[in-house]
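J.: Attaching a predicted model along with its sequence, questions to come.
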Amino acid sequence: MAQSKTTKTTKTKTNSEDYLRMYRQMVRIRAFEDQANQLYLSAKMPGLTHMYSGQEAVAVGICEALNDDDRITSTHRGHGHCVAKGAEFKEMFCELLGKAEGYCRGKGGSMHIADQSHGNLGANAIVGGSMGIATGSALRAKLQGSKDVSVCFFGDGATAQGLWYEVMNMAALWKLPVIYACENNGYSEYTRTDEIAAGSILDRAKAFGIESFEVDGQDVLAVNELSAKLVERARKGEGPFFIELKTYRYHGHHVGDINRDYYRSKDEEAEWKKVRDPITNFGKWLESEGIASADELVAINDEVAADAEAAVKYALDAPYPPGEEVDMHVYKGIEHALA
Amino acid sequence: MAQSKTTKTTKTKTNSEDYLRMYRQMVRIRAFEDQANQLYLSAKMPGLTHMYSGQEAVAVGICEALNDDDRITSTHRGHGHCVAKGAEFKEMFCELLGKAEGYCRGKGGSMHIADQSHGNLGANAIVGGSMGIATGSALRAKLQGSKDVSVCFFGDGATAQGLWYEVMNMAALWKLPVIYACENNGYSEYTRTDEIAAGSILDRAKAFGIESFEVDGQDVLAVNELSAKLVERARKGEGPFFIELKTYRYHGHHVGDINRDYYRSKDEEAEWKKVRDPITNFGKWLESEGIASADELVAINDEVAADAEAAVKYALDAPYPPGEEVDMHVYKGIEHALA
Amino acid sequence: MREITLSKAVNEALAEEMRRDETVFILGEDVAEAGTPFKVLSGLVEEFGTDRVLDTPISEPGFVGIGVGAALTGARPVVDLMFGDFLFLVMDQLCNQAAKAYYMSGGKLNVPMVLRTNLGATRRSAAQHSQSLHALVAHIPGLKVAMPSSAYEAKGLMKTAIRDDNPVVIFEDKLMYQDKAPVPEEEYLIPFGEANVKREGSDITLIGTSSMVQVAEKAAEILAGEGISAEVIDPRTIVPLDEKTLIESVKKTSRAIVIDEGHQSYGITGEIASRLNEKAFYHLDAPVLRMGAMDVPVPFSPALEDLTVPTPERVVEAARKLVSGELIHAA
Amino acid sequence: MREITLSKAVNEALAEEMRRDETVFILGEDVAEAGTPFKVLSGLVEEFGTDRVLDTPISEPGFVGIGVGAALTGARPVVDLMFGDFLFLVMDQLCNQAAKAYYMSGGKLNVPMVLRTNLGATRRSAAQHSQSLHALVAHIPGLKVAMPSSAYEAKGLMKTAIRDDNPVVIFEDKLMYQDKAPVPEEEYLIPFGEANVKREGSDITLIGTSSMVQVAEKAAEILAGEGISAEVIDPRTIVPLDEKTLIESVKKTSRAIVIDEGHQSYGITGEIASRLNEKAFYHLDAPVLRMGAMDVPVPFSPALEDLTVPTPERVVEAARKLVSGELIHAA
Ligand SMILES: Cc1ncc(C[n+]2csc(CCOP(=O)(O)OP(=O)(O)O)c2C)c(N)n1
Ligand SMILES: Cc1ncc(C[n+]2csc(CCOP(=O)(O)OP(=O)(O)O)c2C)c(N)n1
Ligand SMILES: [Mg+2]
Ligand SMILES: [Mg+2]
């Protein structure tokens, strides 16, 4: 279960409680994805979905530097962001299964999951489609003098969308409190990103006069430390910023992408999982620092796994929205658009 | 009258004949624009138009490095490119007046003037709208193994369009023979460009791994020298390239933009015209080098002015296209779309 | 009543709403000091400052996206799109994002954004600056679409649009900015989805949108001289569409022409005509006729451009045929 | 005759045209080794190489613009747009540039480009991956629009599209890629603007586009069991539209339903219905009915999504009412 955050100022996490929450949040994401993958494989989930497994340190490292007031925009690979920003398993699984108790009453599904109450403005099925939204949220914050920061998550492939350059320009000109976080997992669907990205992604942001950083996306502490610093600076009007996070997705592009040999090797996958797993490595660190014992970590894992399983069970049994909802929520203020 | 170019390989212009042609071409652009402005002021021209006066060295310096096979794409401020690429006054004025003998049978007008026979793919009323077109022309050249180069003209304001970044990425990845030529005249309509462009335009192109250059857009020899070098290299597959040319427009954003005080000073305008006029300065150089006497230059100016006047007269008397043309040229292969 | 230009009416609507609600702001190209190329916004930056009247770079997709994000999080942006033709550049942000956020979030997020833009040919602006593209956005559920036909509607509909909790696209006719109409000094709003019967008549219903309301009115005037009584209706918003008023009129007159400045095929006229055909079928004495802009890109040449848009004369001619029953033999 | 899938039919069409004409090439996301997410292009890069099957970055406006430029200067690009929903991203390059170049240049420049994309809901892909947006492009003069309804049409229309000298947008139904149909081994082309009468009938005309042809056929089958004889027509291209065949059919049957998977309002059905109403008015026994997708963003939940598209059952129900005259009292 996500614990609600009470920190009012942003700072790097440095105490045991914080560390353990970060660990737990990463485990929660992994557990959520494992269940989602199972749902797909057992044909219980409608449509397709994109697994976040492997990238957990990015979402958690960044979102732990944010408050509920801070906004994020997410992507097609959005479950990790959603969990990290504070969402609950039940409402998430309900949404993935198109049930009425889902965050979006089943209308959004995996690719549009949003969690307004924790500042998650939603996943987006248009690659790069939320870059304007995050920037606009930051403009609103600046115009209204509120101190929240907006983080725009997107993939390496999304840097090919012209929209990014347009909004970076405005963010830089207007000094908006927005952080562009590029999760570079090396692939855009079935293509290596170095085959479709010329020059340097980091330099592209810098060319707009935006302070830009690279960080190991598998190291939750490094991500969190940098993010906390930048969030704090953005609050003070020193933004925008750009972060490129090197990471890796463990599964295929989507759950149905099983045979990946033609675009990436099994060895490469195995290497990342073995040597660079963000959860394993952080767990080891927690142990070595004496913050948690191996048993305690196993207990967390088990507890989270049980939570996830219970939530799946709940969601599977939950009702679909009634047919009459089909023309609801088309226009605010009009109950049924087609009445 | 434009002289047809026989050079088959591209090289910097270094003999008197070349120099005088460049001079004449700049004078032709200025004369064309003076007539077009008069047509507007005397209410003889339909719609609005954007004057190229002041920027002549850019179009001429670049286009003199090109052959008829080489393609250019132009902008809303496109008369200069059109003349420099080899177009005739008569067909141009006919087009500006919506007459049947215009390059586009009067259907395009100033903002869409094109001259297919000299490789001018057309002006464009969508700022940045031709960036993909120029890049696609270069892709076609590469795929078909033809040696022509495509030049994409656009303004400083157009660098805010996301499309540019998308096509630069592909041009760089695929090493396309395209040159992006940004005519930085300091303004986007009624706004100083430094108010709406963050960071560095040059760096933006460089970030895609594109070799980028800055040049004085008022110095036709400098422009031509750089262009010839880059065109030659692009032909050999060493492209793409980016050039930023600092220049200035003498008139308002369009012919109707008369009171400009709120966005730029009369002093600034006067300064550019007095000290940095591309025609005056090049004329002085021709004299000082003994290539042409003052009288010879005056004779060129007079001859061109007379040509322009005659063309205007011709165009004013020329017939409009007959009404039945209204549904022609909607679909190739269908004579009348609405028959 | 005082008469003001459409341009002034829009300006007043914006100023009033900006005074009333601090979260309203304007975003677009050359909207501040320049007050837009059409000078519609002149004076607003002086009153509200550059924090509420923001000049953007030439980045239509970008600043519409920014508008969506601001609207999603508690502001009420009025995004200025200089020419309706640039809608093609912003369709993703408008139609994939703004239009769907409320639905996709199951009612949790909404986008109270106004996109102000324009339509209209015969300004000698050629194919990329003359289009009337309202049909494209009208086809997308989640967007509302307003089409003011005079200064009065321009003001009242703009104020309603700004207060609406959904994305609204409002199309002004570029050629009407200097046209004057009576506009009350007192505040008023025009509700969406209420058509305006501009003129009552009994022989035929002329339904026009935006500038075509004037065309319909002129046609009605001419027809009156010939003893044909035409009812003229302005739907004012095409989404939502006040079907009821239109249908009632047609049931009364039993004939109708739908006039619109968008391309005729796959556009506004087909939708309205088929709703009338469907719902007033047994009252019709003749098929509902349509008059949209010609299905050709807008030509620059004045000699051609003027042929592409509906005119009062062409409406009159069609109306005469309908009323005289001439079309019976044609069909 | 052999039966092949729609996917294979498209693949064959492309391969044949690429063999025939060196200037044909493919451009899009994951079109090469991956052969697109739907695997429609599998094998092409192996035969034609990466110079003629080009993987692009995720830059839809950019690569469509590049397609336009290549087409303008002597190539015949087939641009692959992974989902029809991404049309919103490329509208400027498609509608302001490609569609208008021939006209704006007075016939000097033309754009022989094919944009391959898809449509269709009920794949549980939610609001941004399920749209059927063909009405948007059909509204823009200068574009042709093809809507294959089976493997046979998919192949024949694609080949015609590639040889056409104008920009053509071709919409495949995502759900039909694995559907098989008889497709001759020999080469054939399907001309644009020729509707296909799939089934003859005398009581009512069912006009369907793309996958809705199957819906119409199933409905006709059910209706036949009830003694109602339905004619089923597939226009195959909506621009140009074979009005003549449609009108003749309706004159014969005197009743019609137009079925399409795009949103109903301001879309395809309104255009076709109003042309029929206009031109067959005095032959109609009842209003032409329309059945488009519901005017709501496409919901993810299966429980809701299935309600939004026309089904054979709903067509049958409407047809019964039309034939029985029930609608007389409703109107
Ligand atoms: C505008 C758009 N183009 C294409 C797609 C199809 N698509 C979905 S995800 C994806 C790859 C995205 O790559 P990246 O941004 O690196 O994110 P990742 O999947 O690696 O997390 C593509 C091409 C899309 N959804 N939207
Ligand atoms: C997409 C688009 N947005 C806005 C406009 C309106 N507009 C025409 S020219 C122009 C300024 C262009 O500035 P720049 O690119 O520097 O060219 P310049 O006019 O200085 O030659 C603008 C905003 C347009 N034509 N197209
Ligand atoms: Mg990636
Ligand atoms: Mg400029």
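T.: Cool, got the structure. Ligands and ions are numbered 1, 2, ... in the order given.

J.: Let me see the contact set for A:Ala84.
T.: A:Gln25, A:Ile29, A:Glu56, A:Ala59, A:Val60, A:Ile62, A:Cys63, A:Glu64 (CB atoms under 8 Å, 6 or more residues apart in numbering or on different chains). In this view, the C-beta of every residue, glycine as well, is placed from N, C-alpha and C.

J.: can you check C:Ala70 too?
T.: Counting by CB under 8 Å, 6+ apart, the residues that C:Ala70 touches are A:Gly136, A:Ser137, A:Leu139, A:Arg140, A:Leu143, C:Phe25, C:Leu27, C:Pro77, C:Met113.

J.: what helix or strand does it sit in?
T.: Assessed by DSSP states H and E, C:Ala70 sits inside helix C:60-72.

J.: ok, which stretches of the stretch 1-150 of chain C are helices?
T.: C:6-20, C:44-48, C:60-72, C:87-91, C:99-104, C:134-138 (DSSP state H, counting those that start in this stretch).

J.: quick one, which of these is nearest to A:Ala87?
T.: helix C:99-104 (15.8 Å; CB to CB).

J.: what's the closest one in contact with?
T.: With CB under 8 Å, 6+ apart, helix C:99-104 has contacts from A:104, A:107-108, A:112, A:114, A:122, A:329-332, C:68, C:72, C:109-111, C:140-143, C:166-167, D:126-128, D:296-297, D:299.

J.: Low-confidence stretches in the chain?
T.: Chain wasn't specified; assuming chain A. A:1-13 (pLDDT under 70).

J.: actually chain C
T.: Those would be C:327-331, if you go by pLDDT under 70 across chain C.

J.: and if we set it to 80?
T.: C:326-331 (pLDDT under 80).

J.: List the contacts of the most centrally placed residue in it.
T.: Among the residues of chain C, the one closest to the centroid is C:Met147, at 1.8 Å (CA atoms, centre = their mean). Contacts for C:Met147 (CB under 8 Å, 6+ apart) come out as C:His134, C:Ile170, C:Phe171, C:Thr209, C:Ser210, C:Pro235, C:Arg236, C:Thr237, C:Ile238.

J.: same check, this time on C:Ile247
T.: Neighbours of C:Ile247 in contact, by CB under 8 Å, 6+ apart: C:Arg275, C:Leu276, C:Lys279, C:Ala280.

J.: quick check, nearest of those residues to ligand 2?
T.: Of all those, ligand 2 sits closest to C:Arg275, with 34.5 Å by CB to the nearest ligand atom.

J.: Give me the angle between whichever strand or helix holds the closest one and helix D:268-280.
T.: Using DSSP H and E, the element containing C:Arg275 is helix C:268-280. For helix C:268-280 against helix D:268-280, the angle by axes from the mean of the first three to the mean of the last three CA atoms, to 10 degrees is 70 degrees.

J.: hang on, the earlier thing: a markdown table please, covering the contacts of C:Met147 and showing distance to ligand 2, secondary structure and neighbour count.
T.: Putting the contacts of C:Met147 into a markdown table (distance: CB to the nearest ligand atom, whole Å; DSSP: H, G, I helix; E, B strand; the rest coil; neighbours: other CB atoms under 10 Å in any protein chain shown) gives the following:
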| residue | distance to ligand 2 | secondary structure | neighbour count |
| --- | --- | --- | --- |
| C:His134 | 19 | helix | 28 |
| C:Ile170 | 19 | strand | 26 |
| C:Phe171 | 17 | strand | 27 |
| C:Thr209 | 25 | coil | 30 |
| C:Ser210 | 22 | coil | 32 |
| C:Pro235 | 29 | coil | 28 |
| C:Arg236 | 28 | coil | 25 |
| C:Thr237 | 27 | strand | 27 |
| C:Ile238 | 25 | strand | 27 |
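
J.: Which pair of the residues you listed spans the longest distance?
T.: Going by CB to CB, the pair spanning the contacts of C:Met147 furthest: C:Ile170 and C:Pro235, at 13.8 Å.

J.: just the strands in the chain please.
T.: No chain specified, so I'll use chain A. In chain A, the segments counted as strands under DSSP state E are A:71-73, A:150-155, A:178-184, A:187-188, A:191-192, A:211-216, A:241-246.

J.: I was after chain C.
T.: Assigned by DSSP E, chain C shows strands spanning C:3-5, C:24-28, C:53-55, C:76-80, C:114-119, C:144-146, C:168-173, C:180-182, C:196-199, C:204-208, C:230-234, C:237-239, C:256-263, C:289-293.

J.: Make sure C:Leu322 is actually in contact with C:Arg290.
T.: No - assessed by CB atoms under 8 Å, C:Leu322 is found out of contact with C:Arg290, at 11.8 Å.

J.: Could you check which of these two has the larger neighbour count?
T.: Set C:Leu322 next to C:Arg290 and count neighbours by other CB atoms under 10 Å in any protein chain shown: C:Arg290 wins out with 29 against 24.

J.: who's in contact with residue 195?
T.: Let's take chain A. Counting by CB under 8 Å, 6+ apart, A:Glu195 has contacts B:Leu173, D:Asp55.

J.: hmm, I had chain C in mind actually
T.: Applying CB under 8 Å, 6+ apart, the residues near C:Ala195 are C:Ile233, C:Asp234, C:Pro235, C:Arg236, C:Asp242, C:Thr245, C:Leu246.

J.: Apply 10 Å and report the result again.
T.: C:207, C:233-237, C:241-246, C:248-249 (CB atoms under 10 Å, 6 or more residues apart in numbering or on different chains).
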